[in-house]
Structure formats: structure tokens, C-alpha cells
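**Student:** based on what follows, work out the 3D shape:
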Amino acid sequence: MTAPADDAAADRDRHPCASIIKLFSAGSFYYSPDHDLTLSTRARLAQAPSNSLHNVFDSADSAFFWNKSMLEPLLSMRANELSAQQRTSLDNSNMLIQVIQGFIGTSTISSSLKLSLISRLSCKNAGTRYNARGIDDDGSCSNFVETEMIIEAKGYLASFVMVRGSVPVFWEQTGIQIAGHRVELSRGFEATQSAFAKHFDSLQNQYGQIHVVNLLSGKEGGERVLVDEFKRHIDTYKGTTKIYYTHFDYHGYVKGGHDKANAVLDFIQSHLDKWSYTLVETKPDSYQGVFMQSGVLRVNCLDCLDRTNHVEFIAGKLMAESCMRQMGMESALASADGAFADAFQNLWADNGDWLSKIYTGTGALKTSLTRRGKQTVMGFFDDAAKSVSRFYINNFQDKNRQEAIDIVLGKQRTKSLLIPNTLSAIVEHDLHARKSEFVSIEEVEIFVGTWNVNGKLPVSEPLGDWLHSRIATQPPKLVVIGIQELIELTAQQYVQADFENLRSQWQDAIFHHLNQQTAYVLLRSLNLMALGIFAYVRRDCADKVRSVEMSTIKTGLGGLGANKGGIGLSLQYQDTSMVFITAHFAAGQNSVDERNRDYDTIRNGLTFKKKALEDHDMKFWLGDFNYRVDLPNEEARHYISLGDFETLRANDQLSISQATGRCFDGYSEPRITFPPTYKYDNGTAIYDTSEKARCPSWTDRILYAGKDVKVMEYDHTESLLISDHWPVRAVFKTKVEVVDIHRRKTIKEALSKAATPVVTTSLPRSASTKSVGFQQEPEIRTISPVLDSAPLIDFTSDGKVWDSLPVKIPAPQTSTVQPSRIGSAVQWWHVPVDETWIVDEGDATNPFFSSTRA
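**Tutor:** Numbering: from 1, shown residues only. Sure, this is the predicted structure:
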């Protein structure tokens, strides 16, 4: 067993960018010095039908531009600070490259026929299998891939495009996935409609007509949930043109053999024939369009990998054969050596392998079916081994890979390694000074409620007495409710309870009472065993809420039990971030330290992808925090009878702990003007008459932090008597920012152009620094990507990377990834490093430089 000291040493030795280096060394990234790989032939034709190529940075599709965030400061400088001549020099230097991720493969069938396949993976909602599911608020789907099949013959280039992507609703798979598909819809139907519409509006604008082919199973279970939700949204979508929808239960069809999957053509062939493909006449420096593809297939299964790749292969084969016949090349299809068929099958099999490896860490299942046209015994065992590998990688290793992806895409805050740009700093300062020109303010009323229901259900309770504020001038735009003890906290109840059903009953009951005044939609609900949170948004404000995330943490039984814990809900309303935390702390009159520890554990343990808990603009805590009043029982009841709540507050454990900085530091609580909410005899308004005779206390609390938060109401409800707690509510009036993105961009560009850059003609540098000029373009060599090739950097040596550095450069090979006339696709890390381009500031601790350098 490795000693802790050895582990610590290994962590110190690990290169700080090791995960990013490993990501880029995987073999699935490409660039071209003279061609925009982010654009399909159809997209290029739509941009400039008969013009020569644009600069790749000016024409790029940001959905497939993987290193755009990394280059953003340099691209801003290029656009705003350089003259046209300087921009041209920079572009020609190849110092800045545009990178895509996916697969590129090319096969030369004969001197007059070439077949290529390009798959572009979107970076808009990118991630690993269980970390990236469904859709985001901008309408971008996870594992969205545009696959372009290119046939070059007789001076023409034919291009056929299909897309794949996750089911475009908010859904996720949480916990360890052992068997089956446990799917949870993570946002209500109405709250999803805006993102769904954005997705299909974007597809129609880009590709024309859409035919959805949904390959999920129609049987009961997680896939059936997604099938029903997808179809429900399709039926209510109001787009510019009709969406054609086919539910093709792939597994149901292929029970009689995988050749039965060809039945999908019965549903899609008429549209494939009608929408055709894109055909261009190629010329040395430009191309002339003949006709364009007018619609696209959108294919999905659960992961959009194995089933999806097979169906796209079937559709692609149909279109390839149709194109070849129309070009008068039937002989190539019928050749005795089967060269075209072999090349076509191998390219699609490689495509499936690479897309699967990117998303799951293993090659695709059923590749023997695509590669050889039938499932083999060895293919069966290979699929079994891959399934086991997927289980381990996706459940236990993907977190680090996801973090690396988020850093590359700018979704995690990292310290910039770039030299500060004085001009950019000036522009940002001036932009902030003009903030009022592009930022407006919206007032948002927020209802926050908490109730420990002691395992009771809202059968006929008048919840409206609690949920409808008497102070609010209008129905709140946001409503967040925390429920504690969905069940009684006993071992028997934990074993027997149907928590999903309990959550659903409370969700529906709250929804029903809220909608008696105005229309609300469910934003999100979640339970951690007996702890639940329910969030709703007014229907007319649903499209203003985005970036909804959930996080949970257990604190019971030393973090093992969910009888106590916390749930965090992070969201962005307009351009202001908010987080709501409902919690249930340790019980017991004397357990103050345990409660303070629960607070610290939850505050430090709740994690969100977009923003740390304390970095939110507004923060709200609600729940049964279990802090008690430290007074004798009869004395406390006497003060209550007098309405002397201030004396009680002076002996309140939460108030004392907060004043000494042991909990809720930086938070405020509205002034309490109501009697303690715990503990009552069930069904009465009488404080505890049992043998324990607990001291009345304010266990149920709501606290907040953030600027521009005004308390409108903080009260309890006495008419709900099913529990031994009374519910509490607070209404806040807040001010949120609304940023006009286009106005901000216009002002920033104007400031950048008006600013005068500081030009330094002589820069200090070390004696070993070698001059760099834009006039000498480094040599680019193209390397064929091989699926199982060894990585350039060995990460298997006890977690260390030093042993394998500096980077090993393999010998150049003949390119097989370069589609003719559209630029050379390059896996950029294979390019030998020209050391004249590197400023040598290294020493013995820097693994990228050796002491023997010339």
C-alpha cells in the first residue's frame, strides 16, 4: 500500500496541467492551418456561395470551436488592437490555431474517388457520460455531433450531413449506475419549453427541415420517461416548420437480428430522397454550389453512441449509394474487391469508436456489426468487456476528465497564464464605469418557506394560509419551499417509505395551492431521503431563470445517513445568481456544537459547477436548524405569554452562535415577531405536554445574505396543525441585474478601438530567449490518428508525468485525415516543437526544458 507521504509527493510532482495535457493527448482533436474545420460544406456554401475561403477565426462556428475560450484574450486583441496588415501577419504565422474535437477519416478508393467522414463534437454543453445529459438553457444538447460524409469524384464534392444529440429536455442520472437506466427529469415541463424551442429553432435555422429519429425503448423505465417527455414537447412545439418525428424502438426491432434495423429506412427514406445532399464543383481556390441539402436527420438514443451510430451508418449508406449512382459511378459500388464497401464500413466503425471513446472512455459497442455487417462471437465478448470498462470509468474516473473539459471551455475559474494586457485592463475599467448604459434593474419578489411536517401528508390542509402572503403586493416571481421529515425519522419508515411518491404528493399539493392565485410552473424539486426542496417560478418569468443546479450532502451518522443534511439549489435569475439551501441539523437541546458542525459541513460540502456557494450574489438558508432556547421550560413559556420575544432571542442558541462567529457568519435574519414554532402537540396549538416537555424554540428559520435584499414579511402560520412544528415564511423584495449583451459588446468594441495601446519597442528578455517573427511559418506535419496508439505523454507511471517529459514526437506519417481541397486536418500535438518559438525561462524544476538545450 502506498504511504500517505508518497501520495503527497506524487501530488506535488504531478504537472499542474496534467489533466489538460491528457485531454488534448487523447487523439480526438484536429486543426487545419488553411481550412475552417468547424463548418460543413453546406455551411461554408451558405456563408459565401462563390467566394474564396475566409479566415478561420472570422467564419468559425463557435459550437465546434473548442479552444475559443482559451484564445479569447488573443482574439479580442486581434480584432480590436491590430491593424489589417498585422492581423494578416498573425493569421499567416499559425501561432493561433482553431481546434475541433471529434473524428476525421479519409479513404482513397481510387485515383478518381475519395471518401471522407468528419464528425464535429459540440463544445456548448460538453462533458462526460453522466456529467453531461440533456439540454441547457441556451438550447444546446450534450454529446451533440454533426457528422458530414464527403464523396469526391470527377471534380465534384458531395456532402451529406446528419446530427445526433441527447434528448433535448432537462434530465440527469445521479448515483452509481449499475444496471438499467435510472433517469430523473430535472426541470418541469413548462420550465423546459423555452430551451427546447431554442434547440429546434437553431436546428431549423442551420439545417432547414428536421426529422427526429428517437431510438429509445418504449418499455417502462428510464427510457420510456424520456420518450414520453420528448414526444410531449414535440407536440407542443410551435416552430416555423413542422418537425417530423419517428419513434423507432431499436432494441425492439433488432430482436430478430440486427439487419432488421434497416426497417428505419421505411420511415426516413422519403425525406432523405427529398432533402438530398450538398453538391459543389471544386476549384483550386474556391468552389461553386450546385445544390444544397435542405433538411437533416436528428438521431438519438440514450448516449447517442452505439444505436445512433448504426442508424446513421444505414442512412449514410443509402445516401452514398444514391450519390454514386447519380455521379455515374455504379462500377465502384459493384467492384469485385468491395473496396468502397470496406472503406465505408471501416470509416463508420472508426467514427463510432472515437465518439464513444470521447464520451464514455471506451470504444463503441457493436462495432463488429458496422465493420463486418454482422455481430460476431468475438464482438459479443468485446462488447461485454467495454461495458464493464464503461461502468468503472463513468462512475469513478470521469470527474477529473470533466474538470479538465470545463477548464478548457472556460467554465471553471482559473488563474490566467497570459501576461496582463494593459489595454484590456483599461477597457474593462472604462466598461465598468459605463455599466449603467447596458445594465437595467428588475425588482423580483421571492417567497421562501420552511416546514417540518413530522411525516404527515397534506391531505386536506389549507396550505394557502401559509403559501399566500398577506404583505406581498403581487404574486412572487420565485417560490422556494423546504420540507423536513417527509417521513417520521424511524428505521422502519426509512426502509418502507416511497420517497418519490411522498415528494410527488407534496410537489403537487404546493403547486395546486400556488396556482389558485396565478399561474406557476415547477422549476425543480429534489429530496434527500426525508428532506425535500420545491422551487416554482411564475409562468410569465420562466424564461428568465437559467443555470439551475442541485447539490446534496448528508450529515447524519457522521455523513453516512440522510436523516440529516442539506440540499442546495443554485440558479440565475436574469443576470443575478441566487442559491437556496434547505437543511435539517442535529437534534437535541445540548447539541449546539453538532449543529454548528452541520452548518459548516453543508456550507463547505455543497458544490455547483457554475459558481461556489459563497460566490452567489444572493444566498438564502431555510429549514429546521434545531437551535433551541436555553431557558427553563416554564420560564420560556411565561415570556411567550407576555409576548416578550426579545428575552427569548437573547437566549436563542442560533443568535448566540452567530454573534460569536460559529455559524451563519455574514448572514442576516429578519426580526422575529412570532412565537416559537416548536414543539406542539400534534393537531393542537399547545406546546409540548409530554414527559419531555421540550422548551418552546424557534427551530424553523430563514436567513439571507446579499445586497439589494429587502425583507417584506417574516411570519408563521398557526392554522396548519398536522405537525409538531408550525410553518414559517419570508417574502423578500430583491433587485436583479439585466445585462443587454449586445449593447455591452457594442460599447466594449468602441472602447477598444478608441483606446491607444502602449507600444514597447524594446522588451527585456533573458539571454536564452530567441526572437519570434510572424514572417516564418512553422512547418506543419499531418499525422494519421490511430485509435489504440500510445499516448504522447505516459500518465501510468505512478501518477507522475516527469518520467515521460519532454514530449515525445513520433515520426511523421503519410496523412490519411486530409479531405482534398479543404485543408489539411492536423492533430496539433503531433507537430514537432520549434524551440525558436519558446521563451526559455526554464530551470531544473521545469520538465519542458532540459539543461542540454542549445
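
**Student:** show me the contacts for Cys141.
**Tutor:** By Cβ atoms under 8 Å, 6 or more residues apart in numbering, the contact list for Cys141 reads Ser122, Asn125, Gly134, Ile135, Gly165, Ser166, Val167, Pro168, His199. C-beta: built from backbone N, CA, C; applies to glycine.

**Student:** the same query, at a cut-off of 10 Å, please.
**Tutor:** Counting by Cβ atoms under 10 Å, 6 or more residues apart in numbering, Cys141 makes contact with 122, 124-125, 132-135, 163-169, 195, 199, 203, 298, 300, 304.

**Student:** give me the buried subset of those residues.
**Tutor:** 122, 125, 132-135, 163-169, 195, 199, 203, 298, 300, 304 (16 or more other Cβ atoms under 10 Å).

**Student:** among those residues, name the ones in strands.
**Tutor:** Val163, Arg164, Arg298, Asn300 (DSSP state E).

**Student:** so the third one makes contact with Ser202?
**Tutor:** Same thing as Arg298. No: shown here, Arg298 and Ser202 do not form a contact pair, counting by Cβ atoms under 10 Å, at 11.4 Å.

**Student:** in the stretch 401-550 of the chain, where is pLDDT below threshold?
**Tutor:** Counting by pLDDT under 70, the stretch 401-550 of the chain shows low-confidence ranges at 413-421, 489-495.

**Student:** returning to what we had before: mind checking which of the contacts of Cys141 are in helices?
**Tutor:** Among the contacts of Cys141, the subset assigned to helices under DSSP state H consists of Ala195, His199, Leu203.

**Student:** can you give me the neighbour number for the residue nearest to Ser110 when sequence neighbours are not counted?
**Tutor:** Sequence neighbours aside, Ala332 is the residue nearest to Ser110 in space, at 7.1 Å (criterion: Cβ to Cβ, 6 or more residues apart in numbering). Residues lying near Ala332 (other Cβ atoms under 10 Å) number 19.

**Student:** quick check: Ala332 is in a helix.
**Tutor:** Yes: using DSSP: H, G, I helix; E, B strand; the rest coil, the assignment for Ala332 is a helix.

**Student:** that one: what's it in contact with?
**Tutor:** With contact taken as Cβ under 10 Å, 6+ apart, Ala332 is in contact with Ile109, Ser110, Ser112, Leu113, Leu115, Ile151, Ala153, Met324, Ala339, Phe340, Ala341.

**Student:** neighbouring strands - and their directions - for the helix or strand that contains the fifth one?
**Tutor:** Assignment of secondary structure by DSSP states H and E places Leu115 within strand 113-121. Strand 113-121 has these partner strands in its sheet, going by DSSP bridges: strand 99-110 (antiparallel), strand 145-153 (antiparallel).

**Student:** dump the shortest one to CSV, restricted to CA.
**Tutor:** Extracted in CSV, the C-alpha atoms of strand 145-153 (Å, rounded to 0.1, in the frame of the first residue of the first chain):
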residue,chain,number,x,y,z
VAL,A,145,-22.3,15.8,-33.0
GLU,A,146,-22.6,16.9,-36.6
THR,A,147,-21.4,14.2,-38.9
GLU,A,148,-20.5,15.0,-42.5
MET,A,149,-19.9,12.4,-45.1
ILE,A,150,-17.9,13.6,-48.1
ILE,A,151,-17.5,11.9,-51.5
GLU,A,152,-15.1,13.5,-54.0
ALA,A,153,-15.2,12.4,-57.6
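
**Student:** now do that strand, average pLDDT.
**Tutor:** Averaging pLDDT along strand 145-153 yields 96.

**Student:** can you list the buried residues in stretch 440-453?
**Tutor:** Buried residues in stretch 440-453, counted by 16+ other Cβ under 10 Å: Glu442, Val444, Glu445, Ile446, Phe447, Val448, Gly449, Thr450, Trp451, Asn452, Val453.

**Student:** wait, the second one touches Ala472, no?
**Tutor:** Pointing back at Val444 there. No: between Val444 and Ala472 there is no contact under Cβ under 10 Å: 11.7 Å.

**Student:** how many neighbouring residues does Asn527 have?
**Tutor:** By the criterion of other Cβ under 10 Å, Asn527 has 21 neighbours.

**Student:** quick check: closest non-adjacent residue to Phe664.
**Tutor:** Excluding the flanking residues, the one nearest Phe664 by Cβ to Cβ, 6+ apart is Gln658, at 4.8 Å.

**Student:** which non-adjacent residue is nearest Glu749?
**Tutor:** Leaving out its chain neighbours, Glu749 is closest to Asn80 (Cβ to Cβ, 6+ apart), at 6.5 Å.

**Student:** tell me the pLDDT at that neighbour?
**Tutor:** 79.

**Student:** any idea how far Leu185 is from Trp275?
**Tutor:** 32 Å (Cβ to Cβ, to the nearest Å).
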